[in-house]
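Asker: sequence first, predicted model second:
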Amino acid sequence: MEVEPHTCFIGIDFSAARDAAHRTWVTLAVGDHDQLTLVEMCPARALLEDLSQPVTAALVSFIARSGSSIIGCDACFSLPLPLVDTTWEEWLSTYHRRFPDADALRHAGRDPSGRERKRLTDRLLRAPFAPTNLRLFRQTDAWLREVLYPLVQRRMVAVAPFHPRTPDRPYLLEVCPAVSLRVLGLPYRGYKGTRASAQAARIRILRDLQDLGVMVPPALSDIVVAQPGGDALDSIVAAVSVWLVMMQQPALSNLPAEATREGWIYAPEPQLPPASRR
């Protein structure tokens with residue numbers, strides 16, 4: 001399915017931290033084959049119907065009403081083999097029973113020798129962390145249990161690579177901002193923090209994304225530069241990633257067999273370096 005002009009691309013940088021309402025960021029953009037224009041960017045607290053609503057419930061509601069948007073999500077959509085021992089959708093439907101809590105997931109994420117299990121996509125794309133890494137397992141669990149499961153159970157979304165894209169519902173792709181930035185030749189480390197060097201790295205990333213055809217309004221650029229956690233920038237990179245992926249390979253085909261159960265991190269193809277970096 002080709003991408004129509006003015007398609008909506010959304011980037012979600014998901015967090016399961018205690019302050020997830022402030023650390024989960026969402027970017028909305030509109031794009032075609034030549035340009036992606038950022039329209040809006042906000043933390044998840046702006047999506048809450050009231051202060052007591054969990055961030056995951058707010059995300060489910062937001063994603064479900066996103067129409068035919070293509071959504072890049074910085075969260076793991078599945079686990080390594082052999083932990084997924086049936087079709088992905090059947091496995092997801094039994095996730096709650098397989099892993100009663102996040103600690104059960106963390107324990108299962110190690111092989112008999114004690115090493116962290118990684119998916120094929122994690123190894124090939126050199127993702128920074130395995131899905132059940134100490135820094136990631138609670139995020140992976142919350143995403144699978146509280147966001148992806150209800151969306152798939154209620155057939156509110158299509159999820160790559162497990163489902164084909166359809167025109168009547170959002171299409172979710174797993175992305176990893178660090179992988180995308182590295183593939184694009186941009187700083188993928190050192191851009192988070194309050195130091196001047198981190199702020200300079202955020203400025204450079206924004207500038208170079210604009211060289212790729214990403215239009216960033218000054219007001220949004222100011223937010224990204226000032227936001228030390230890098231979460232706002234990661235949500236932009238998530239949206240840019242799926243925009244580039246869909247422009248470069250709209251069929252999303254030719255994936256290894258493991259992807260049908262383990263999922264896949266979608267990353268853009270390397271770009272020619274902009275003149276400003278030569």
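Answerer: Everything's here; your move.

Asker: can we go C-alpha only for contacts and neighbour counts from here?
Answerer: Noted.

Asker: quick check, pLDDT for residue 145.
Answerer: What the model reports for residue 145 is a pLDDT of 98.

Asker: list the buried residues of the helix or strand hosting residue 91.
Answerer: Counting by DSSP states H and E, the element that carries residue 91 is helix 88-93. Residues 88-89, 91-93 are the ones in helix 88-93 that count as buried (16 or more other C-alpha atoms under 10 Å).

Asker: next helix or strand past the longest helix belonging to the chain?
Answerer: The longest helix of the chain (DSSP state H) is helix 231-248. Downstream of helix 231-248, the first helix or strand assigned by DSSP H and E is helix 259-262.

Asker: who touches that next one?
Answerer: Residues from elsewhere that reach helix 259-262, judged by C-alpha atoms under 8 Å, 6 or more residues apart in numbering: 77-81, 84, 86-88, 119-121, 161-162.

Asker: need the CA coordinates for that helix. CSV is fine.
Answerer: This file holds the C-alpha atoms of helix 259-262, laid out as CSV (Å, rounded to 0.1, in the frame of the first residue of the first chain):
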residue,chain,number,x,y,z
ALA,A,259,10.4,-11.5,12.5
THR,A,260,6.9,-13.2,12.3
ARG,A,261,7.2,-14.0,16.0
GLU,A,262,10.0,-11.9,17.4
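
Asker: what mean pLDDT does that helix get?
Answerer: The average pLDDT for helix 259-262 rounds to 97.

Asker: strands of the stretch 101-250 of the chain, start to end?
Answerer: 158-159, 171-174, 214-215 (DSSP state E, counting those that start in this stretch).

Asker: surely residue 263 touches residue 78?
Answerer: Yes: using C-alpha atoms under 8 Å, residue 263 is in contact with residue 78, at 5.6 Å.

Asker: could you give the number of residues near residue 240?
Answerer: 30 (other C-alpha atoms under 10 Å).

Asker: list the residues that contact it.
Answerer: Residue 240 neighbours (C-alpha under 8 Å, 6+ apart): 9, 11, 36, 214.

Asker: quick revisit: between the strands of the stretch 101-250 of the chain, which one is closest to residue 56.
Answerer: Of all the strands of the stretch 101-250 of the chain, strand 171-174 sits nearest to residue 56, with 15.5 Å by C-alpha to C-alpha.

Asker: now for that closest one, which elements pack on it?
Answerer: strand 70-74, strand 158-159 (3 or more C-alpha pairs under 8 Å, 6 or more residues apart in numbering; DSSP states H and E).

Asker: farthest pair in the contacts of residue 240?
Answerer: Longest span within these, C-alpha to C-alpha: 11 and 214, 13.5 Å.

Asker: more neighbours, the two?
Answerer: Between residue 11 and residue 214, residue 11 has the larger neighbour count (other C-alpha under 10 Å), namely 32 against 22.

Asker: that one falls within a strand, correct?
Answerer: Yes: residue state for residue 11 (DSSP: H, G, I helix; E, B strand; the rest coil) corresponds to a strand.

Asker: from residue 161, how far off is it?
Answerer: Computed as C-alpha to C-alpha, to the nearest Å, the residue 11 to residue 161 distance reads 17 Å.

Asker: among the contacts of helix 259-262, which are located in helices?
Answerer: Judged by DSSP H, these include 88, 120-121 as members of helices.

Asker: make CSV from those and add pLDDT and distance to residue 206 to it.
Answerer: Output for the ones in helices among the contacts of helix 259-262, formatted as CSV (pLDDT from 0 to 100; distance: C-alpha to C-alpha, whole Å):
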residue, pLDDT, distance to residue 206
88, 98, 36
120, 98, 30
121, 98, 27
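
Asker: spit out the contact partners of the nearest residue to residue 122 once chain neighbours are set aside.
Answerer: Computed as C-alpha to C-alpha, 6 or more residues apart in numbering, the closest residue to residue 122 that is not its neighbour in sequence is residue 130, at 6.7 Å. Applying C-alpha under 8 Å, 6+ apart to residue 130 gives the contacts 116-119, 122, 136.
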